Every structure is written in C-alpha cells, then in structure tokens.
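Colleague: fold the following for me, if possible:
(one chain, ligands or ions: 1)
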Amino acid sequence: MNTMHQLVPIIIKDALLAKKVLASKSFIIAPVPQYIRDIDSRTEHDFSFLSDFAERILLFMNGKELWEAKKLLAQSLNREELNCYTMSFQLHIDRLLTPTRPNNKIDLVNDVTNHLYKHVVEDLWGIRVSSQSMLLKMANGVAGLLEPMPRIRKLLEYQNDCEDFYKELIPQVSLFRKTSALASKLQAQFAHLDERNFCFLLMSLVGGMRSAFDALNNGFFAFLQLDTEKRSVLSKQQIFDKNVDLFASLFSPSKVLARICSETTKVGDQEFVKGQRVLIDIRAANTTLEDVTNSDPLCVRNFFNKNISNVHFGAGVHRCPGKDVSQFMFPKIFNAVTEQLKYSTLNSADILFEDNEMTKRIISMPINVMQTIETL
Ligand code: HEM
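Modeller: Okay, here's the model as predicted:
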C-alpha cells in the first residue's frame, strides 16, 4: 500500500459521494487484524487475543459474512423485541434521578449516563458487569482500534481491557437463556458461532452502544445551554420521541467515518487508488434538512442552531445496527433527565472533553441540580 496516500486522507463532505463510498465493496474500515498480526510477529508482545478479537468483531468483518450477521441482528434489535424492557428502563432512570445529593451537585456523565450505560447493558444483554470502569475501558478499546495505526503501548492497553471484559463475560454465556430474552434470542440465531465468537459479537454491540450514551451527553449539554424558557418548550414538545435520526444527527459523538480503499476504483467523478485513506466528514455531509423542514417556529434548529447530517448512522454494510435500540432508549432517557434539569446550571469551564480525530465526547459534566418543588 502507498503510505503517502494513507497519510493524506481524502476528506468527503458530500453526502451522496459519502454514501456511495460507504456502499462500495472497494472500501474497508481498516485492515486492523492484519496490522495487529504484523506487530505481533515483529515484537516480543503477544497480541493473539487482540488480533483474534479484531478479526471477529463486526467493524472489521467484510463481505457475505457481515451481511448475514447484520440480517440476523436486524431480526432481534428492533422495536418489538425491545418493548419488554420498557419497565426496567424506567425503573433505572427513576432511581438514578431521585434527588438524593445533599449539595445538589452531580456529574451528569459519571453519576447518571455512565450508570445508565451499565444498567442498560445488564438489562438488554443479560451481562453482569462488575464495574462501570471495566465497561468503559472495553468500549474505549473497541473504539481505539479504529484509530489509524495505534501504537504498541495503546494496543497493549486495548488488549488488556477487552480481554478483562471477555474473561468476565465468557462464564456467563450459558446463563443468557435465563438472564435476557434478547441475548437468548441472539444466541439461538447465532448458533453457528462458538461461545468465544458469540462473546466477541456481544462485545461489538456493547462497545458500539457507547455512541448512544455519548450522544445523550451531547444532548444534555446542548439542553443546558438553552435558557429556561426554551428548555421548558423543548421538554413539552418531546421532539425526539419519534425521531432518533434527528437526535443522532444533532448529537452524534462521531466526527468522521474512516475508510481505506482496498482496490483502485472510481466513485462518481472521483478516483481512489488502493491504500488511499478516506474520511467522511459527518457534519459536513449534510445535504437534506427534510427531517426538520416544517413550519413550526420552534423547530429544533432554532434551539440548537446546528446542521442536520444524514450519515449519522453510517451507510452500506457497516451501517449501525443500533438505530432501533437508540430510538427505544433516547426519548425515555432524554425526556426524564431534561425534565429534572430544567432549572439546573452548568459551568461550561468545568466540562471535560475527550477529543480525537474520530470522536468528540464529554467525559465529565458537573452541574448544580436545581429541583422544582414537584420533584422534591
Ligand atoms: C446515537 C446513537 C448511535 C450513533 C450515532 C451510532 C453511530 C454509528 C455509526 C456512524 C456507525 C458506522 C461506523 C462506520 O461505518 O464506520 C455505527 C456502527 C455500529 N454501531 Fe452504532 N451508533 C449509535 C448507537 C448504537 C447502539 C445503541 C448500538 C448497539 C446496540 C450500536 C452498535 C454499533 C455497532 C456494533 C456498529 C458496527 C457495525 C458494523 O461495523 O457493521 N450503535 N454506529
């Protein structure tokens, strides 16, 4: 592969070209398993777990195998299958939002969203996760593999974090029948996978799911920047209830979708040579505003003043399988949390971001919770 081309990516800002590239067989997310195997053979470190893991997670699968896995996932990850979780979701949300803090200070990310992430993982997938930090580290490991050529030190960290999670998960596989209807159904659908590979599939889903909680944090942040009047109108409108596309396009933590051209090809008028790195700028790939083009003066753009992109869930075979899961979770969580935050204040200087080439996420958001009389 031509390293020059890998170093200087082509940035795509046009949604149509972006979708064609994402749908084309001539582009892959990245040759990560190969990259890890090369490092494994060149250094004294043993990367056999990580290369095996990378090879088996959805992100680095290709072709027929991936299409088939996605078809099976679509049969399980849909609204009908998720409805039975409504009650337990609501219980977690209510419990986490019960105003118990004496000084009214909470960190919205660490005290609320990350807890919800763990609870949702436990409910949906029937996995007992011993600590929030183990879950976050595993999700970081999966996302980290998408970085262009991660350094050895980073790869060792990703391997440890993913393997720790795996070791906790593997003894639980035989219990899924009792712990989660969804995991049990998935297990039946993916009966052709052995336990190890089934765990890797679940880890793809659990790790991928973090985007949804990052998006929620971005949504809370945007909400807290509105004045009280707008907060109140937005809460009443519940505009995200049926429109997860709108939510994701506004608040997705992903900045770009990265691809490598695996064979020289032409897409539209654009030539791509083998090895060429391509970055799809999600925000810029914004062609249609049809989601929000209505005559409502309280249209969401008036609140958040951001553009709408239409590759927020990706496209082509790697398109996100978690759209229905997000639709199921967002309205419940967003409405319940923002209802409690109507009078809260945020000091933007206290917020911590993690920002890299691919993603921007909030990792700490301390707020003062001002409760209404009714919630006390
Ligand atoms: C707002 C919420 C979400 C956003 C914005 C989002 C965004 C995305 C995007 C853009 C991709 C494609 C990546 C690429 O093509 O390079 C993707 C893939 C993926 N997402 Fe999501 N996602 C969200 C929620 C979820 C949830 C809830 C789950 C789990 C149930 C999930 C699991 C995954 C997985 C496993 C992949 C990899 C699919 C593949 O490579 O074939 N995501 N997501």
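Colleague: show me where the stretch 51-200 of the chain has strands.
Modeller: 105-107 (DSSP state E, counting those that start in this stretch).
Colleague: low-scoring stretches of it, by residue?
Modeller: 98-103 (pLDDT under 70).
Colleague: contact residues of it facing the ligand?
Modeller: 58-59, 77 (CB under 6 Å from any ligand atom). Any C-beta I mention is one placed from the backbone N, CA and C, and that applies to glycine too.
Colleague: nearest to the ligand: which residue in the stretch 101-250 of the chain?
Modeller: Gly208 (2.5 Å; CB to the nearest ligand atom).
Colleague: and that residue, what does it touch?
Modeller: 58, 142, 320-322 (CB atoms under 8 Å, 6 or more residues apart in numbering).
Colleague: rerun at 6 Å
Modeller: Counting by CB atoms under 6 Å, 6 or more residues apart in numbering, Gly208 makes contact with Gly322.
Colleague: ok but His312 is inside a helix, no?
Modeller: No - according to DSSP: H, G, I helix; E, B strand; the rest coil, His312 belongs to no helix; its state is coil.
Colleague: wait, it sits on Ala248?
Modeller: Yes - using CB atoms under 6 Å, His312 is in contact with Ala248, at 4.3 Å.
Colleague: got a markdown table for the residues of the stretch 51-200 of the chain next to the ligand, with neighbour count too?
Modeller: Output for those, formatted as a markdown table (neighbours: other CB atoms under 10 Å):
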| residue | neighbour count |
| --- | --- |
| Leu58 | 23 |
| Leu59 | 18 |
| Leu77 | 23 |
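Colleague: distance of Glu44 from Phe53?
Modeller: 20 Å (CB to CB, to the nearest Å).
Colleague: next, count neighbours for the closest residue to Leu202 other than its chain neighbours.
Modeller: Ranked by CB to CB, 6 or more residues apart in numbering and with sequence neighbours excluded, the top spatial neighbour of Leu202 is Trp125, at 5.8 Å. Residues lying near Trp125 (other CB atoms under 10 Å) number 21.
Colleague: Trp125 contacts Ala183, doesn't it?
Modeller: Yes - assessed by CB under 6 Å, Trp125 is found in contact with Ala183 at 4.9 Å.
Colleague: Ile11 in helix, strand or coil?
Modeller: Under three-state DSSP, Ile11 comes out as strand.
Colleague: and for it, the neighbour number?
Modeller: Counted with other CB under 10 Å, Ile11 comes out at 12.
Colleague: what's the pLDDT at the residue of the stretch 251-376 of the chain found nearest the ligand?
Modeller: Nearest to the ligand in the stretch 251-376 of the chain, going by CB to the nearest ligand atom, is Gly322, at a distance of 2.2 Å. We have a pLDDT of 95 for Gly322.
Colleague: that one: how many residues sit nearby?
Modeller: 20.
Colleague: who in the stretch 201-350 of the chain is up against the ligand?
Modeller: So the stretch 201-350 of the chain meets the ligand at 204-205, 208-209, 211-212, 215, 248, 252, 254, 257, 312-314, 318, 320-322, 325-326 (CB under 6 Å from any ligand atom).
Colleague: in contact with Leu182, which residues are there?
Modeller: For Leu182, counting by CB under 6 Å, 6+ apart, the contacting residues are Leu124.
Colleague: center of this protein, which residue is that?
Modeller: For the chain, the residue sitting closest to the mean C-alpha position, by CA atoms, centre = their mean, is Ser211 at 2.0 Å.
Colleague: nearest spatial neighbour of it, chain-adjacent residues omitted?
Modeller: Pro253 (5.9 Å).
Colleague: tell me the spacing between the one you found and Ala284.
Modeller: Separation of Pro253 from Ala284 (CB to CB) stands at 16 Å.
Colleague: so those two - more neighbours on which side?
Modeller: Pro253 (23 against 18).
Colleague: hmm, the more buried one is touching Thr359, no?
Modeller: Yes - judged on CB under 6 Å, Pro253 makes contact with Thr359 at a distance of 5.0 Å.
Colleague: comparing Glu44 and Phe53, which residue is more hemmed in?
Modeller: Shown here are Glu44 and Phe53; by other CB under 10 Å, Phe53 has more neighbours (27 against 5).
Colleague: now do stretch 348-368, average pLDDT.
Modeller: 92.
Colleague: using CSV, write out every CA atom in that stretch.
Modeller: Taking Å, rounded to 0.1, in the frame of the first residue of the first chain, the C-alpha atoms of stretch 348-368 are listed here in CSV:
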residue,chain,number,x,y,z
SER,A,348,-19.0,25.3,30.8
ALA,A,349,-15.5,25.7,32.1
ASP,A,350,-15.8,22.6,34.3
ILE,A,351,-16.7,20.3,31.4
LEU,A,352,-14.1,17.8,30.2
PHE,A,353,-14.0,16.6,26.6
GLU,A,354,-12.1,13.7,25.0
ASP,A,355,-11.4,14.8,21.5
ASN,A,356,-9.6,12.9,18.8
GLU,A,357,-9.6,12.6,15.0
MET,A,358,-12.7,10.3,15.0
THR,A,359,-14.8,11.3,18.0
LYS,A,360,-15.6,14.1,20.5
ARG,A,361,-17.2,13.0,23.7
ILE,A,362,-17.9,14.6,27.1
ILE,A,363,-16.3,12.7,29.9
SER,A,364,-17.3,14.9,32.8
MET,A,365,-20.1,17.4,33.2
PRO,A,366,-20.6,18.7,36.7
ILE,A,367,-23.9,20.5,37.2
ASN,A,368,-25.9,22.1,40.0
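Colleague: distance from that stretch to the middle of the chain?
Modeller: 16 Å (CA atoms, centre = their mean, to the nearest Å).
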